[in-house]
Each structure stands twice: as C-alpha cells, then as structure tokens.
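1. Turn this into a structure:
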Amino acid sequence: MTTQLTAINWAKVLTIGMVVVLMLIHGLPGQRQILYACMHISYCSWWLLEQRFYPERRRQIFTEPVGTWGFLAALLVIGVFYALPAFLAFANPADLSVAATATAIPLFYFGSLINTSADVQKMTAKANGVGLVSDGIWSQVRHVNYTGDLMRYLSFAVIAGSPWAFLVPGSIAILYIQRISTKERSMSQKYDDFETYRQQSNRLLPGFW
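-> Coordinates of the predicted model:
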C-alpha cells in the first residue's frame, strides 16, 4: 500500500534531484546559489533521515493511502512546485544582499529547530500515551510545527530573491489555515481540556493569531 508519507518522501527525493541538476547546469556562481542549495537539500535530507532516526513517525503522520493520481499530485506539488524558489534562485544573477542573508539564515535554522522540536515532543508524548500535548514548545502556539515549517519556506523565498518565490509559502500558509480549522474542530471533540488550551494559546503566530 502506498501512503501519503511514501508519496511525500519521493517528492523530497525529486526536489533534491532537481536542485542537484540545477547545480550541474548553472554551477554555484555565488552565495545565493550556494546557500540555497545547502538549505533546501539539507531540509529534504533531514525529512528523510528523521523517519529513520524516529521510526515511530512513520506510524503517526500521513498514513492515509493514496492512488496513482494522489502520488503524482504529491510529486508535482511538493516535489516540483515547492521547489519553485530553487529555479528562481539559480536564475537570479544578482548578488545576495547582507539583509537577505541575515533574514533567511535565522528563519531557516530557527524554523527547522522549532519544527523538529515540536515533532519530537509530540511523537514522544503520543508514544507514552499522553492525550493533548499542550506544554513545552506547544504551550504558546497550538500548531507550532506549522509555524516552523512556514519559517523555513519563507527562508527559501528570501534567498531566491524573487516575488514569485513567495507563492510557495503563501500557498502553504493557505493550506495550513485550512488544516488548522479542520484539526481544531476534531481536537475540540476529542479532548475535554482543549477549550482551556485554546484560550491560553494562539493558532499559528505567537501573540497574534
């Protein structure tokens, strides 16, 4: 059976392959291309390695089966469209500014740290039979893993240096807002203490929303 996770994993492999091809075609002529390649390849590699380090993840996320069309859709959206900033970065001959570098690096590394910390905490809690996870990194933001992921994709757009690159984090934000609405309806029915947690935290952005 092919699951959503399997499709996503192959999409990440496809993204790595496309970035490598861009490197072979264009080389690494400047800091923009070097930094982008390092960031996006390391992110996709970590996504794959995390499942090997924490095999429980494979039983917790994206377990729904997908058919051929769902598999192809994952390759096109997650593998190709999400890599749009890569094409824009390698096609951009301008030097990467200090401001863009200073913005993108913290976004990428803090976003990755937040996302991974949230995943590991929730995975461990669920393995130990904990119900609603509302402490630690989850205490202030109810979907903090999404927050970290958005920060990471924003960093790719900043490095790309094109307004078109922001279509990716923008599309992901819309998707996450839809997921948040669905998940919160489910959580309110599943957990008696969710309402208290909701009143004491934000959905996606700390102190804002």
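
2. give me the element the residue nearest the centre of the chain is part of.
-> Residue closest to the average C-alpha location in the chain (C-alpha atoms, centre = their mean): D149, at 3.4 Å. D149 belongs to helix 144-160 when assigned by DSSP states H and E.

3. Let's see the helix or strand following that helix as CSV, backbone CA atoms only.
-> Toward the C-terminus, helix 144-160 is succeeded by helix 167-190 as the next helix or strand (DSSP H and E). Below are the C-alpha coordinates for helix 167-190, written out as CSV (Å, rounded to 0.1, in the frame of the first residue of the first chain):
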residue,chain,number,x,y,z
LEU,A,167,3.9,31.9,-3.9
VAL,A,168,5.2,28.8,-2.2
PRO,A,169,5.0,29.9,1.5
GLY,A,170,1.8,31.8,0.6
SER,A,171,0.2,28.6,-0.7
ILE,A,172,1.4,26.6,2.2
ALA,A,173,0.0,29.2,4.6
ILE,A,174,-3.4,28.8,3.0
LEU,A,175,-3.2,25.1,3.2
TYR,A,176,-2.2,25.2,6.9
ILE,A,177,-5.0,27.6,7.7
GLN,A,178,-7.5,25.1,6.2
ARG,A,179,-5.9,22.3,8.1
ILE,A,180,-5.9,24.2,11.4
SER,A,181,-9.7,24.8,11.1
THR,A,182,-10.3,21.1,10.5
LYS,A,183,-7.9,19.9,13.2
GLU,A,184,-9.3,22.2,15.8
ARG,A,185,-12.8,21.0,15.3
SER,A,186,-11.6,17.5,15.7
MET,A,187,-9.5,18.3,18.8
SER,A,188,-12.4,20.1,20.5
GLN,A,189,-14.4,16.9,20.2
LYS,A,190,-11.6,14.6,21.2
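
4. now helix 167-190: mean pLDDT?
-> Per-residue pLDDT over helix 167-190 has a mean of 94.

5. Output the lowest mean pLDDT helix or strand found in this protein.
-> The weakest-scoring helix or strand in the chain, judged by mean pLDDT, DSSP states H and E, is helix 194-199 (a mean of 91).

6. Am I right that R203 is in contact with Y197?
-> No. The criterion here is C-beta atoms under 8 Å, and R203 misses it with Y197 at 11.3 Å. Placement of C-beta: from N, CA and C, glycine included.

7. Nearest spatial neighbour of R58, chain-adjacent residues omitted?
-> Counting by C-beta to C-beta, 6 or more residues apart in numbering, Q51 is the residue found nearest to R58 once chain neighbours are left out, at 5.4 Å.

8. What strand or helix carries the one you found?
-> helix 31-53.

9. Model confidence for A127, exactly?
-> On pLDDT, A127 comes in at 80.

10. likewise I16?
-> 97.

11. before we move on, what about E50?
-> Looking at E50, the pLDDT reads 88.
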